[in-house]
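Participant: Requesting a structural model of the entry that follows:
(2 chains)
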Amino acid sequence: MIKDVRFIKSEGKVLMLGNEALVRGCLEAGVSYVSQYPGTPTSDIGEYFHQVIRDYPEFGEYLVHHWAVNEAVATSACAGAAWTGCRSFNPMKHVGLNVASDALSVIALNGPNPGGMVISVGSDPGSLGSHQEQNERFYAWMLHLPTIEPHTPQECKDWVKVAFELSEKFDLIMNVRTSTRSAHSRGFVELGTLVKGKKRGEFIRNIPKYNSLPPHAINNHIRLYERIEKLREIIPELGLNKIIPGNNKVGIITSGMPFGYTMEALNQLELNDVPILKLGMVYPLNYDQITDFMQNIEKVVIIEELEPFLEVKIAEIAHNQRIDVEILGQNYFPKYNEFSTGLVATCLAKIFNKQPNEQMMKAMDYYNSYKEIIPSRFPTFCAGCPERATLYSILKATNHLENTIISGDIGCYVMSFFPPQQCSDLVICMSGGISAAIGMSTKTDQKVLAMIGDSTFFHTGMAPLAEAVGYNSNLLLIIFENSWTAMTGHQDDVLRYLINQGFSIEKICKAFGVPWLRVEDSYNPKKLTRSIEEALETKGLKVIIIKRECALQAHRWRMSQVKTLQENGEKVQDISYYIGGCSMCYECVRVLSCPAIRRVETEGVEEMQIDQDRCIKCGVCYEICPNGAIRKSIINLFGEEVPFREI
Amino acid sequence: MKFKETEIINLVIAGTAGQGVITLKRLIEFAAQKAGVEACFGAEQHGLAQREGAIISHTRYQKCLTKNPRHNLQSSLICIGDADLYICMEPVEALRQGIYASNKTVFALNSRTIPGIMIAANLEEYTPLKKIVEFLNLYTDKVYYMNATKLALEEFNQNQQVNIVMLGFAIPTGRIPFIEIEHYEEVIKERLPDIDSNIKALHLGIEKGKEIISISKVN
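Facilitator: Residues are numbered from 1 along each chain as shown, chains lettered A, B, ... in the order given. Prediction:
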């Protein structure tokens, strides 16, 4: 294993992703507690912390990273650590902030002192790794979370340190807001000095500060305003906001990644005299700084992704300070999706009455001339995935979803709506599927199925299950117990710790009093199909737990076992599946849709083939082939058999 | 093609999940650092590993910064039509990500196809290689392809080296300027497992690239 020295080097210039730079910044800021629930684009932050602690155990002497059960838990845990006088760091994806907001709304009033607390919200304009996009900057306003938006990895690293200083100084929870794009862009980072965090802290009793009930709730609210106003005053001294000067009478205010698109778009349009105010801190805003910038221009263009947040705040300042400036933003720029240089250039061309660059316009024309014929490439379940095999059984048991609703959820199974299986009717949020199914089952006679994975079940799924038991809701809940938080990349999280301690979803369901409960294996599709049929004929709440490890991890484990046995000179059974005498019914590719099976044409004759590189030998296609055309061969029949491990 | 030292170099690497797109992007960036470039800022796509999805990465660097920040590398995304080079691990991905191409672009394609599940299910048709090249020729006649997967399987008995073969294949196009072969070799030695195979793969790709590009120039 090659150790990554970029996190521990004392000086120099290294290439880092935005997320890696945040971690490096935390190590330079003396952070000693980190807690988070994984979610794109912030999952890898935790992986880097784990990597540092694994590769360099001296960091583990003071630094603790927790994979929390959900974002609300992580946020309160970080507040707890800060209240003992430590510095705590709490990354979350944009929708994670919705979950954490309940806790944050109170913690923001209390303030993190005597320690410091920084959250890092990974926004996702363009829904690049999420089921929705939202401009969660409005939380910054609502909860008074001062928000810093880095553009480069260097700023990610430097500004997380600034955020901790400010958090401690002003007793405020700071937000270093990234985006999927800034978190996963790589650039040079000039390293600073590593600082050891506090190993132990101490909580000092202070009832008015930490108990936000009346009368303290109001007092803390007043105190929060005082703290925010003090910070607002010193913003210009921090050097986070900067001006690129120019003489044009139209100026631009922007921040974060859109700053980069703006600079390159202006250069392309040869508009290099346009003054730009790049905001490092988007909340709060310093009135004088904004006023000064707008004083000498006639129009100001606000360039920001998603709903107009800066535009509203800047319009408020212009109004209150009586500045006569025209504010352009949402009428020229889309309020959805991710921005790009091309998009910003096109919108600016309209504002400045310019022609967009010819190379770009031609490129779009060429692309549009052929884009219709590009074959689709949906993300899909991996070869051998037990969730795909379950969808197969659902499709069979319901005669392809006849009179059936599938209430989906967040996890790998979020992909089940893609063709050809198209096996999910809706998705709301973590555990929203069970809840929606409860409501539906009271109002329709259609068959209602809900799906949830083990990590999501843990996150917030137990509460709606308890409700479904309470009302004996007429629905079938399928719980995928694959023993990993697979969608975000198999983190060594709290689910893994619980599994090692004998945690069982079956026991939880029994304890809740689920009236109809089965534990099944989707690698036995015929038996599972019968169980689903039976469940759908039964009134009331039914739960089927699919107990089968994530195929990626199961396959890795099995290959490592095989390798060890072979290295010890043992003979190991070598199973393979192949296709012969296929009648081209497409059951394996349209209903099961395994990506290890492909259609090939040899000398004008079509046939199906199993890609031996991809097949993990789960045997599901062999079980379901209606014509017995998928065959199994075993080399070394008398050798050691290495089955998948039990979970 | 001669690049100015202050010019921003734009490379698109495209492929499908699991083909080593991100590994290759990082390799080029770390090599660019060895070559002493002053700015490097590129975006990669995480979260679809192993899930068969389409993957694109943007690699951008600038050998020397200018004094005016307005002329320097500021965004990690390439602008529409501004790519100098495409390295594609799978041919149809060149079309899918084609928005960054223009008549200045050079394409280096792995001709080995990976049809998606809708093609296996016979619900969609895969675009034949000939057709893909025809479409790319709308942009430029500099479309080079080889079966890097076949070459890697023949040479190394595995497809792990395909991305490095493709890097080698792209080098003779001259569209990754200022980075020398030794810089790649250094990074391979520092960061990749199976060093000997990867260095061999790099040179194999370079030889193949020189051969194919010179043939096409003669024609």
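
Participant: hey, let's count contacts and neighbours off CA atoms from now on
Facilitator: OK.

Participant: Phi, psi for the residue most central in space within chain B please.
Facilitator: The residue lying closest to the centre of chain B (Cα atoms, centre = their mean) is residue B:87, at 2.3 Å. Residue B:87 adopts backbone torsions of phi -110, psi 120, taken as degrees, to the nearest 10.

Participant: tell me the contacts of it?
Facilitator: B:11, B:12, B:13, B:14, B:107, B:108, B:109, B:166, B:167, B:170 (Cα atoms under 8 Å, 6 or more residues apart in numbering or on different chains).

Participant: Repeat that for residue B:96.
Facilitator: A:371, A:374.

Participant: Show me which residues of the stretch 401-550 of chain A are close to chain B?
Facilitator: A:419, A:420, A:487, A:488, A:489 (Cα under 8 Å from any Cα of the partner chain).

Participant: Would you check that my belief about residue A:570 contacting residue A:640 is correct?
Facilitator: Yes - in this structure residue A:570 lies within contact range of residue A:640 using Cα atoms under 8 Å: 7.4 Å.

Participant: before we move on, the earlier item: among the residues of the stretch 401-550 of chain A next to chain B, list the two that are farthest apart in space.
Facilitator: A:420 and A:489 (24.5 Å; Cα to Cα).

Participant: out of the two, which sits in the busier spot?
Facilitator: Remark: of residue A:420 and residue A:489, residue A:489 carries more neighbours, 19 against 16, as counted by other Cα atoms under 10 Å in any protein chain shown.

Participant: ok, residue A:328 touching residue A:301?
Facilitator: Yes - counting by Cα under 8 Å, residue A:328 touches residue A:301, with 4.7 Å between them.

Participant: out of these two, which sits in the busier spot?
Facilitator: residue A:301 (21 against 18).

Participant: Do me a favour and average the pLDDT over the strand or helix carrying that one.
Facilitator: For residue A:301, the host element (DSSP states H and E) is strand A:299-303. Mean pLDDT, strand A:299-303: 98.

Participant: likewise stretch B:60-72?
Facilitator: Here the average pLDDT along stretch B:60-72 is 98.

Participant: Pull out the buried residues from it.
Facilitator: B:60, B:61, B:62, B:63, B:64, B:65, B:70, B:71, B:72 (16 or more other Cα atoms under 10 Å in any protein chain shown).

Participant: Out of these, flag the one nearest to residue A:231.
Facilitator: residue B:70 (30.7 Å).

Participant: Torsion angles phi and psi at the closest one?
Facilitator: Per degrees, to the nearest 10, the backbone of residue B:70 is at phi -70, psi -20.

Participant: any idea how far the helix or strand of chain A with the lowest mean pLDDT is from the chain center?
Facilitator: Lowest by mean pLDDT, DSSP states H and E among the helices and strands of chain A is helix A:494-500, with a mean of 86. Centroid separation for helix A:494-500 versus its chain: 21 Å, with Cα atoms, centre = their mean, to the nearest Å.

Participant: got it, and stretch A:323-333?
Facilitator: For stretch A:323-333, the distance to the chain centre is 33 Å (Cα atoms, centre = their mean).

Participant: Can I get the strand or helix carrying residue A:81 in CSV, CA atoms only?
Facilitator: Using DSSP H and E, the element containing residue A:81 is helix A:71-82. Only the C-alpha atoms of helix A:71-82 are listed here, as CSV (Å, rounded to 0.1, in the frame of the first residue of the first chain):
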residue,chain,number,x,y,z
GLU,A,71,-26.6,14.0,9.7
ALA,A,72,-28.6,15.2,12.8
VAL,A,73,-26.6,12.9,15.0
ALA,A,74,-23.3,14.0,13.4
THR,A,75,-24.1,17.7,13.9
SER,A,76,-25.1,17.3,17.6
ALA,A,77,-22.1,15.2,18.2
CYS,A,78,-19.8,17.9,16.7
ALA,A,79,-21.5,20.5,18.9
GLY,A,80,-20.9,18.2,21.9
ALA,A,81,-17.2,18.0,21.1
ALA,A,82,-16.9,21.7,20.6
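
Participant: Low-confidence ranges, the chain, go.
Facilitator: As the question left the chain open, I've gone with chain A. Residue ranges of chain A with pLDDT under 70: A:1.

Participant: That was the other one, I meant chain B.
Facilitator: Using pLDDT under 70, chain B drops low at B:47-50, B:217-219.

Participant: thinking again about what came up before, who are the packing partners of the least confident helix or strand of chain A?
Facilitator: Helices and strands touching helix A:494-500, as assessed by 3 or more Cα pairs under 8 Å, 6 or more residues apart in numbering or on different chains; DSSP states H and E, are absent.

Participant: still on that earlier bit, keep only those of the contacts of residue B:87 that are in helices.
Facilitator: Cross-referencing the contacts of residue B:87 against helices under DSSP state H gives B:166, B:167, B:170.

Participant: I'd like the buried residues of stretch B:60-72 as a markdown table, with secondary structure and distance to residue A:45 appended.
Facilitator: Output for the buried residues of stretch B:60-72, formatted as a markdown table (DSSP: H, G, I helix; E, B strand; the rest coil; distance: Cα to Cα, whole Å):
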| residue | secondary structure | distance to residue A:45 |
| --- | --- | --- |
| B:60 | strand | 23 |
| B:61 | strand | 25 |
| B:62 | strand | 28 |
| B:63 | coil | 30 |
| B:64 | coil | 31 |
| B:65 | coil | 30 |
| B:70 | helix | 31 |
| B:71 | helix | 32 |
| B:72 | coil | 29 |
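
Participant: nearest residue to the residue of the stretch 51-200 of chain A found nearest chain B other than its sequence neighbours?
Facilitator: Nearest to chain B, among the residues of the stretch 51-200 of chain A, is residue A:185, at 4.1 Å (Cα to the nearest Cα). Spatial nearest neighbour of residue A:185, chain neighbours left out: residue B:43 (4.1 Å); criterion: Cα to Cα, 6 or more residues apart in numbering or on different chains.

Participant: With distance to chain A added, can I get the buried residues of stretch B:60-72 in TSV?
Facilitator: Below are those laid out as TSV (distance: Cα to the nearest Cα, whole Å):
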residue	distance to chain A
B:60	10
B:61	9
B:62	12
B:63	13
B:64	14
B:65	13
B:70	6
B:71	7
B:72	8
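
Participant: So which bits of stretch A:558-566 are buried?
Facilitator: So, applying 16+ other Cα under 10 Å, buried residues of stretch A:558-566: A:558, A:561, A:562.

Participant: Identify those among these that sit within helices.
Facilitator: Residues from the buried residues of stretch A:558-566 lying in helices, with DSSP H as the criterion: A:558, A:561, A:562.
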